[in-house]
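Peer 1: build me a model:
(2 chains)
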Amino acid sequence: MPSDRVGEIIEASTADFVAQCYELYELPPLGSLVKTRNGELDIYGIVCHATTGSLEPGRRPIARGRDEASEEAIYQSSPQLSKLLRSEFSALVVGHKAGENINQYLPPCPARIHGFVYQCPPDEVREFGRSLAFLTLLANASLPVPVAEIVPATLRLISQSQEDPRAFLVAAGKELSIMLGGQYNQLRAILGRLK
Amino acid sequence: MTDRLGLVVSGSLESGVEVKLDGGVSVEDMAVGRYVTIEGQRQRFFGMITDISLGVIDPRFTLTPPDISDPFISEVLSGTGTYGTLHVLPMLTIGGDVANLIEGPQPVKTVPSHFSAVNLASQRDVELVFGGEDEKRFYVGTPLDMETRICLDLPELVKRSNGIFGKSGTGKTFLTRILLIGMLQKSAAVNLIFDMHNEYGWAGTSEGGRSVKALKQLFPSKVAVFTLDEESSRRRKVSTDFVVKIGYDEIEPEDMALLRQTLNLTEPAVEAIYQLRRRFGRDWLRHTADLPDSEETSELLKELSIHESTFQNLKRGLATVGRLPFIEPRAPDNAVTRILEYLDRGINVVLEFGRYTDITAYILVANLLTRRIHAQYRERMEKAMGEATDKPTPLVITIEEAHRFLNPEVASRTIFGTIAREMRKYNVTLLVIDQRPSGIDTEVMSQMGTKVTCLLDNERDVDSVLAGVSGKGALKSVLSRLESKQQALIFGHAVPMPVVIRTREYGSPQSYQEFLATGKGAGRKQAEEDIEELWG
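Peer 2: You can find the predicted model right below:
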């Protein structure tokens, strides 16, 4: 398995997809850019939510560590746990690549179930960060986590692969302050987390 | 570095356009009075910044301000959430259409379209509008924060009466000196200057007490200094050309009528003067002053139906005039003839008042001389019209404390009011210097061609100077924000649009050199032209 593969899609729609990780807890960071392939299309998503829970919805995990010395010891003494539990994350679709061009709007068709999900390498993240149009999709999505969390998380991560991270953040901040002109509190919260 | 400031976002021709500043441009770098060009789709506009304001995209910004001590936040918000706006008054169109190419900048008749880019005006743009220095144009100063020279078209300037206004100590005198030098060098006019404080003839003083050269020292062959007070001139080591004395018989009732306020004369007393003039003829003043308190006098007064108290009032007034030391029963020479002689030879005359800075003396002498000179000019002009002979040389008369001559009460009666109103019909115009323009008759103010004004902060003064100017409100904010030194707003006939200048330097050896150099240049050119004409 290639090291940058982070999971496999188990639920997909036009606007987002949910992927399960192959290993428990090996989730991509919140706000990171991931991609999956659908034929000729590379579909980009931003990790916007992650959960770890029981494989079977009706079977909730129970506390097992009363007599254990450490958390690690719980997993060692009950090795079945890593098979009964799973980590999954959902990603918001923010663009796609057809041929050479990265388009920061929704792809014509959604991702496929069992499509592999890859973490984007820094070069690709830098390329993706050339445009800030994806912020519209991100800021206007209804997500389980507040926009004021996901937007700064994404921008911080993208900025790390830019040549001038600060200039990137300033440009993104300006874009947001125009976009969120009427939502001052939202803007304040985002800018406060961008530093 | 680009000079782009922002984009036009709204506005009207009447009130000017709003320009949203780009994020990278700080409002603190802007200044009212500075020039900008607006790149419209078909035309380029030339305008002036008249107001600067701050805007926010959401009113909540103002209620709970963001933490701009953080450079990141402040950088993000500047130009987006918070922004600066400029209010720009477009005044001229430059470049573009045919009329512009042929006739130079034209007054604006429309506004630039939405989102036209606004740039700081370049040196070239300003030069295009205000023209470079040449044989007609005289360099008076530079626009704010620029090195370009703003030049006035002096032959055009002297065609009308002009005014120089400003609070005391704002540099009116320096500005006047510069303008006078300009006129002396580049216009075909001669100047007669009523120099109340002895500042224009030989030497003046700067605010710091330093002595600066005045006209005669710089242009000895072109300036003559007349004095009313020989002793004072001698003490100041001024080489004078003529001592003015005024004979009793030269004072006319009209001269006295003008002094009504300063001499505290009653209306009947002024009427009495005319009667006495009819009775005694030219020498009325001496006769009246010499009338003893006798029966005969009472008889005479009764005959002329002048009340005793009126007569006493008049006598007190006449005594004040009689005490002026330059007034003599018989003047040895005729001052008017002498002044005209000089003026005819193209020599500018500065009349120094020496110690007689009293306003009575100033009003009396200025009026008396001007009336006669004007009458002569009128006669010659009419003759020239009839016989197609040469018209007299245009004359510019400079007066200080002008509100005393041109206030609404006396403006209709004084010769200065007449000159201001009849404009250049008889080739005589005024250069009015005053610190209380609101005291000047509105009719006279409205006739002034070009107004140069230093800082004014009295509301009424500002209103009266700007009366009738388009974009008055905007200019008002520019005018009241001038620095108190070396800055002036010029608008009117001789400039294509209102302009704020930092006046050129005056007083250093270097500046004298420059003044003389421009004069010589023009002289050389004239000589070359003469040679050309002679030899073909």
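Peer 1: for chain A, what's the nearest residue on the stretch 151-300 of chain B?
Peer 2: As assessed by CB to the nearest CB, chain A sits closest to residue B:151 within the stretch 151-300 of chain B, at 43.4 Å. Using the backbone N, CA and C atoms, a C-beta is placed for each residue, glycine as well.
Peer 1: number of residues surrounding that residue?
Peer 2: 22 (other CB atoms under 10 Å in any protein chain shown).
Peer 1: whatever residue of chain A ends up closest to chain B: which element?
Peer 2: Proximity of chain A to chain B (CB to the nearest CB) peaks at residue A:173, 3.3 Å away. Secondary structure from DSSP states H and E places residue A:173 in helix A:165-179.
Peer 1: mean confidence for that helix?
Peer 2: The average pLDDT for helix A:165-179 rounds to 91.
Peer 1: tell me the helix or strand right after that helix.
Peer 2: That would be, after helix A:165-179 and using DSSP H and E, helix A:184-194.
Peer 1: on that earlier part again, buried ones in the helix holding residue A:173?
Peer 2: When neighbours are counted by 16 or more other CB atoms under 10 Å in any protein chain shown, the buried residues of helix A:165-179 are found to be A:168, A:169, A:170, A:171, A:172, A:173, A:174, A:175, A:176, A:177, A:179.
Peer 1: for chain A, what are the low-confidence residue spans?
Peer 2: Filtered on pLDDT under 70, chain A yields the residue ranges A:1.
Peer 1: typo on my end, the stretch 301-450 of chain B
Peer 2: For the stretch 301-450 of chain B, the stretches with pLDDT under 70 are B:423-424.
Peer 1: for it, what spans make up the strands?
Peer 2: Using DSSP state E, counting those that start in this stretch, the strands of the stretch 301-450 of chain B run over residues B:327-328, B:348-352, B:395-399, B:428-434, B:450-453.
Peer 1: partner strands of the fourth one and their direction?
Peer 2: It stands for strand B:428-434. Sheet pairing of strand B:428-434 (DSSP bridges) gives strand B:162-165 (parallel), strand B:395-399 (parallel).
Peer 1: and if you look at the last one?
Peer 2: Next to strand B:450-453 in the sheet, as set by DSSP bridges, lie strand B:162-165 (parallel), strand B:487-492 (antiparallel).
Peer 1: next one: phi and psi at the closest residue to chain A within the stretch 101-250 of chain B?
Peer 2: Here the stretch 101-250 of chain B gets closest to chain A at one residue, residue B:115, 15.2 Å apart by CB to the nearest CB. Torsion angles at residue B:115 (phi, psi; degrees, to the nearest 10) stand at phi 60, psi 30.
Peer 1: show me what contacts it?
Peer 2: For residue B:115, the contact set (CB atoms under 8 Å, 6 or more residues apart in numbering or on different chains) comprises B:7, B:8, B:9.
Peer 1: could the strands paired with strand B:428-434 go into JSON lines alongside distance to residue B:516 and mean neighbour count?
Peer 2: Below are these laid out as JSON lines (distance: least, CB to CB, whole Å; neighbours: other CB atoms under 10 Å in any protein chain shown):
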{"stretch": "strand B:162-165", "distance to residue B:516": "23", "mean neighbour count": "26"}
{"stretch": "strand B:395-399", "distance to residue B:516": "21", "mean neighbour count": "25"}
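Peer 1: mind giving me a markdown table with the ones you listed and columns for distance to residue B:382?
Peer 2: Listed next are the strands paired with strand B:428-434 as a markdown table, based on distance: least, CB to CB, whole Å:
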| stretch | distance to residue B:382 |
| --- | --- |
| strand B:162-165 | 25 |
| strand B:395-399 | 15 |
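Peer 1: how many residues are close by the residue nearest to residue B:412 when sequence neighbours are not counted?
Peer 2: Sequence neighbours aside, residue B:441 is the residue nearest to residue B:412 in space, at 7.8 Å (criterion: CB to CB, 6 or more residues apart in numbering or on different chains). Applying other CB under 10 Å, we find 22 residues neighbouring residue B:441.
Peer 1: what's near enough to touch residue B:441?
Peer 2: So residue B:441 contacts B:406, B:407, B:408, B:411, B:412, B:417 (CB under 8 Å, 6+ apart).
Peer 1: buried ones among the residues you listed?
Peer 2: The neighbour-count test (16+ other CB under 10 Å) marks B:406, B:407, B:411, B:417 as buried among the contacts of residue B:441.
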